[in-house]
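S.K.: with the input below, show me the fold.
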Amino acid sequence: MEFKDKIEEHVKVIRKYQNEDFKEEQTKMYLIAPFLNLLGYNVFNPDDVIAEFVADIGEKKGEKVDYALKVNGEIEILIETKPMADDLSNHDIQLKRYFHVTKAKIGILTNGVIYKFFTDLEEKNIMDNKPFLSVNFLDLTEDKIPEIRKFSKSNYNPEQILNNAEILKYSNGMKNYLSRQLENPDDDFIKIIAKEVYDGRLMQSKIEGFKVIFKDTFKTFINDYARRKFERVLENSTKENIEVVEEMTEEIEENPEDKIVTTETEMESYFIIKSILGKYTDLDNITFKDTRSYFSILFQNNTRKWICRIFTGVEKIVISFPTDERRDGGAVVEERTQMDSLKELYKFEEKLVEILNKYIEEK
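M.R.: Numbers count the residues shown, from 1 in each chain. Purely as a prediction, here's the structure:
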């Protein structure tokens with residue numbers, strides 16, 4: 001089962017019990033321990049997970065953190081747990097004390113539904129007041145899954161996580177700020193905007209009027225911006241690949257015995273997928289390779305890093321995705337889906353992005 005599928009199954013469990021009045025021990029048993037197992041940490045193996053890890057603080061002896069995760073024999077992650085109904089406010093102070101007296105790089109505060117990830121970006125060995133990553137499994141977005149995967153035992157790379165943490169922290173902070181302003185803009189924010197377009201005195205009644213205008217204008221701006229960007233990506237993709245098609249046509253004419261002919265349908269599928277993934281990586285990273293059996297969309301022209309395969313020599317168009325499973329001979333197990341038309345490719349954006357991100361992380 002792929003990592004994304006495991007996460008989705010875990011979300012189902014959380015939704016099933018979200019209205020239960022779980023105390024802390026129940027939350028640990030039914031929600032947090034299964035999540036740690038999902039990440040590859042065996043909660044029954046002290047070489048992976050130490051429960052009730054002692055973190056003495058000065059004269060205070062016997063201070064314990066709920067879980068300490070070990071990677072390569074070293075304590076890397078501390079986890080402080082709370083009951084599922086807890087809003088996690090103020091408890092970061094407790095985790096901060098534990099963080100200071102250990103060599104752990106990451107501190108996690110969780111109620112089994114929300115996970116807050118902390119590190120020491122502001123001051124060495126002093127845990128930051130604000131998390132660099134927050135994950136709510138009842139409101140999980142696609143972009144958070146690759147971030148969660150970085151904390152799995154097999155993928156854990158503290159240097160990579162810490163290098164990315166600062167960007168992630170401030171980026172998420174900006175997104176949250178803009179999201180709040182979009183839903184309910186405050187006076188100070190509106191004053192900044194209004195000064196650019198209004199020369200009169202900003203009375204409170206005028207500020208309230210600008211709030212209404214801003215909310216409508218901002219939504220229109222975002223929609224227009226996204227549409228223009230998509231159109232540019234599609235236009236550039238088409239221009240770049242006209243030469244490719246012409247070169248292929250010349251090769252086919254020069255080699256009439258070569259049975260590999262790239263069809264219009266296959267190229268159209270390439271343009272669509274490239275326009276989808278162009279939002280997440282450089283367009284040059286998305287390439288293709290045609291064979292007698294199928295048409296492959298590749299990452300950086302690497303045949304071992306194929307994103308999907310298109311089969312058009314059948315009654316219906318079929319798209320195939322690689323999975324993490326392998327056959328006895330080592331071949332990748334594929335996940336195939338039939339399509340009535342290429343328009344259905346847009347429905348697979350999440351799947352395409354998931355595979356792309358996996359290859360990007362492997363670089």
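S.K.: which stretches of the stretch 101-250 of the chain form strands?
M.R.: 106-110, 114-118, 133-136 (DSSP state E, counting those that start in this stretch).
S.K.: which of the ones you listed is buried the deepest?
M.R.: Comparing these by mean neighbour count (mean count of other CB atoms under 10 Å), strand 106-110 ranks first with a mean of 24. To be clear about C-beta, it is placed using only N, CA and C from the backbone, and glycine gets the same treatment.
S.K.: now that one: how far from the chain's centre is it?
M.R.: 18 Å (CA atoms, centre = their mean, to the nearest Å).
S.K.: domain parsing of this structure, as residue ranges.
M.R.: With domains defined by automatic domain parsing, the chain comprises 3-177, 187-234, 259-362.
S.K.: lowest mean pLDDT across those domains, which one is that?
M.R.: Ranked by mean pLDDT, these bottom out at domain 187-234, which scores a mean of 80.
S.K.: nearest residue to residue 354 other than its sequence neighbours?
M.R.: Of all residues not flanking residue 354 in the chain, residue 4 sits nearest, at 5.4 Å (CB to CB, 6 or more residues apart in numbering).
S.K.: quick check, that neighbour in a helix?
M.R.: Yes: checked against DSSP: H, G, I helix; E, B strand; the rest coil, residue 4 lies within a helix.
S.K.: list the contacts for residue 23?
M.R.: By CB atoms under 8 Å, 6 or more residues apart in numbering, the residues touching residue 23 are residue 83.
S.K.: and it, backbone torsions?
M.R.: phi -80, psi 180 (degrees, to the nearest 10).
S.K.: ok, now residue 288?
M.R.: phi -140, psi 160.
S.K.: leaving aside the residues next to it on the chain, what's closest to it?
M.R.: residue 270 is the one closest to residue 288 (CB to CB, 6+ apart), at 5.0 Å.
S.K.: a markdown table please, covering the strands of the stretch 101-250 of the chain and showing distance to residue 289.
M.R.: A markdown table is the format used below for the strands of the stretch 101-250 of the chain (distance: least, CB to CB, whole Å):
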| stretch | distance to residue 289 |
| --- | --- |
| strand 106-110 | 40 |
| strand 114-118 | 39 |
| strand 133-136 | 36 |
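S.K.: list the buried residues of stretch 199-211.
M.R.: 207, 210, 211 (16 or more other CB atoms under 10 Å).
S.K.: where's the residue nearest to residue 288, which helix or strand?
M.R.: Element membership for residue 270 (DSSP states H and E) is helix 264-277.
S.K.: what angle do the helix or strand hosting residue 337 and helix 264-277 make?
M.R.: Using DSSP H and E, the element containing residue 337 is strand 332-339. Going by axes from the mean of the first three to the mean of the last three CA atoms, to 10 degrees, strand 332-339 is angled at 110 degrees with respect to helix 264-277.
S.K.: check which helices and strands the helix or strand following strand 332-339 is in contact with.
M.R.: Later in the chain than strand 332-339, the nearest helix or strand by DSSP H and E is helix 349-362. In this structure, helix 349-362 makes packing contacts with helix 144-149, helix 264-277, strand 295-299, strand 302-311, strand 317-326, judged by 3 or more CB pairs under 8 Å, 6 or more residues apart in numbering; DSSP states H and E.
S.K.: and the angle from helix 349-362 to strand 302-311?
M.R.: 170 degrees.
S.K.: dump helix 349-362 to PDB, keeping only the CA atoms.
M.R.: The C-alpha trace of helix 349-362 is given here as PDB (Å, rounded to 0.1, in the frame of the first residue of the first chain):
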ATOM      1  CA  GLU A 349      -4.100  15.800 -10.700                       C
ATOM      2  CA  GLU A 350      -3.600  14.600  -7.100                       C
ATOM      3  CA  LYS A 351      -2.300  11.200  -8.200                       C
ATOM      4  CA  LEU A 352       0.100  12.800 -10.700                       C
ATOM      5  CA  VAL A 353       1.400  15.300  -8.200                       C
ATOM      6  CA  GLU A 354       1.900  12.600  -5.600                       C
ATOM      7  CA  ILE A 355       4.100  10.600  -7.900                       C
ATOM      8  CA  LEU A 356       6.000  13.700  -9.100                       C
ATOM      9  CA  ASN A 357       6.700  14.800  -5.500                       C
ATOM     10  CA  LYS A 358       8.100  11.300  -4.700                       C
ATOM     11  CA  TYR A 359      10.600  11.700  -7.600                       C
ATOM     12  CA  ILE A 360      11.500  15.300  -6.500                       C
ATOM     13  CA  GLU A 361      12.200  14.100  -3.000                       C
ATOM     14  CA  GLU A 362      14.500  11.300  -4.300                       C
END
